[in-house]
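Student: Just a sequence and a predicted model for now, questions to come.
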Amino acid sequence: MADCPSGPDQGVAWSLFYTMTGFHAFHVLTGVIFLWVVYRNGRKGLYNTERHWPVEAAAVYWHFVDVVWVFFYPALYLIGLPIH
């Protein structure tokens, strides 16, 4: 493993890899917190058929994070490959 450096200071590809992964992890954490708040408020009975926008917003945000990962995952492994 010592022959294969893989830190953010080892070039642009690794810096981009860690940046993209870090941003995605931040958004996943934010989404989990958002879903937890919506769940907690739902258990308190704060949502009904007229007031459900926070539930929809949490679902849309979570699906956004999910869909972005579908594009990030292949991009992370294509970074640094030579294009001829």
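Tutor: Looks like it came in fine. Numbers count the residues shown, from 1 in each chain.
Student: Counting residues, name the longest helix you see in the chain.
Tutor: Taking DSSP state H as the criterion, the chain has its longest helix at helix 12-43.
Student: And the average pLDDT for the helix or strand following that helix is what?
Tutor: The C-terminal neighbour of helix 12-43 among helices and strands, as given by DSSP states H and E, is helix 53-78. For helix 53-78, mean pLDDT rounds to 86.
Student: What are the buried residues along helix 53-78?
Tutor: Residues 55, 58, 61-62, 65, 76 are the ones in helix 53-78 that count as buried (16 or more other C-beta atoms under 10 Å). Just so you know, the C-beta spots here come from the backbone N, C-alpha and C atoms, and that holds for glycine as well.
Student: Specify which member of those residues is nearest to residue 46.
Tutor: residue 55 (9.9 Å; C-beta to C-beta).
Student: Could you check how far that closest one is from residue 72?
Tutor: 26 Å (C-beta to C-beta, to the nearest Å).
Student: Grab the most central residue of this protein for me.
Tutor: The residue lying closest to the centre of the chain (C-alpha atoms, centre = their mean) is residue 24, at 3.2 Å.
Student: need the contact list for residue 28.
Tutor: Applying C-beta atoms under 8 Å, 6 or more residues apart in numbering, we find residue 28 in contact with residue 65.
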